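Chemist: I'd like to go over a predicted model; first the sequence, then the structure.
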Amino acid sequence: MKPQVGVGIIMHYPNWGIPWLLRKGTSHGNGEWSLPGGRLEYGELLINCATRELKEEFGIDDLTEIRRIDYISEDFFPDEAMHWITHYFYAKSKQMPKLMEPDKAEKLVFHGRTPEPTFVGAQRAIEWMSDNDAW
């Protein structure tokens, strides 16, 4: 299978932490905590993909900031014959996230620290943000 390109979005609410989704029913990452994100569609710009995924997964359509960060993960899932290259974004909104896709995620929580088990790449993206004071 050819590599897939995706996005992951880190949203930070100073009084709440970072919203995480508990994934379910996916071919990879099932039962792991994940940031919102997904697959880049043909002809779609990365920034538009990130904005679309926030609307689809969290119902957020009023962003006060969105920017790509200098962290990209490259992950292999041999059991599913998948290879993902994921670009990460940082976003802010005054809107509170809502669980919009209960068929794909069973829970939405806020955490100041990364919950366990965490989807591959998400933990490292959060660490990159902290190490580089990129909040």
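Modeler: Ah, there it is. Residues are numbered from 1 along each chain as shown.

Chemist: so after the helix ranked longest in the chain, what's the next helix or strand?
Modeler: Longest helix in the chain by number of residues (criterion: DSSP state H): helix 46-58. Next helix or strand after helix 46-58 toward the C-terminus (DSSP states H and E): strand 63-77.

Chemist: Which strands border that next one, and is each parallel or antiparallel?
Modeler: Take DSSP bridges as the rule and strand 63-77 pairs in its sheet with strand 82-93 (antiparallel).

Chemist: pLDDT on the partner strand, on average?
Modeler: Averaging the model's pLDDT scores along strand 82-93 yields 96.

Chemist: before we move on, what about stretch 24-37?
Modeler: 87.

Chemist: Start the count at 9 instead of 1 going forward.
Modeler: All right, first residue 9 from here; so that's stretch 32-45.

Chemist: Could you export it as CSV, keeping only the C-alpha atoms?
Modeler: Extracted C-alpha coordinates of stretch 32-45, given in CSV (Å, rounded to 0.1, in the frame of the first residue of the first chain):
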residue,chain,number,x,y,z
LYS,A,32,-13.0,2.8,18.5
GLY,A,33,-13.7,0.7,15.5
THR,A,34,-10.7,1.8,13.4
SER,A,35,-8.2,-0.4,11.7
HIS,A,36,-5.3,1.1,13.7
GLY,A,37,-5.4,3.0,17.0
ASN,A,38,-8.5,1.2,18.4
GLY,A,39,-8.8,1.8,22.1
GLU,A,40,-6.1,4.4,22.2
TRP,A,41,-6.4,8.1,23.0
SER,A,42,-5.9,10.3,20.0
LEU,A,43,-5.9,13.9,18.9
PRO,A,44,-8.5,15.0,16.3
GLY,A,45,-7.3,14.5,12.8
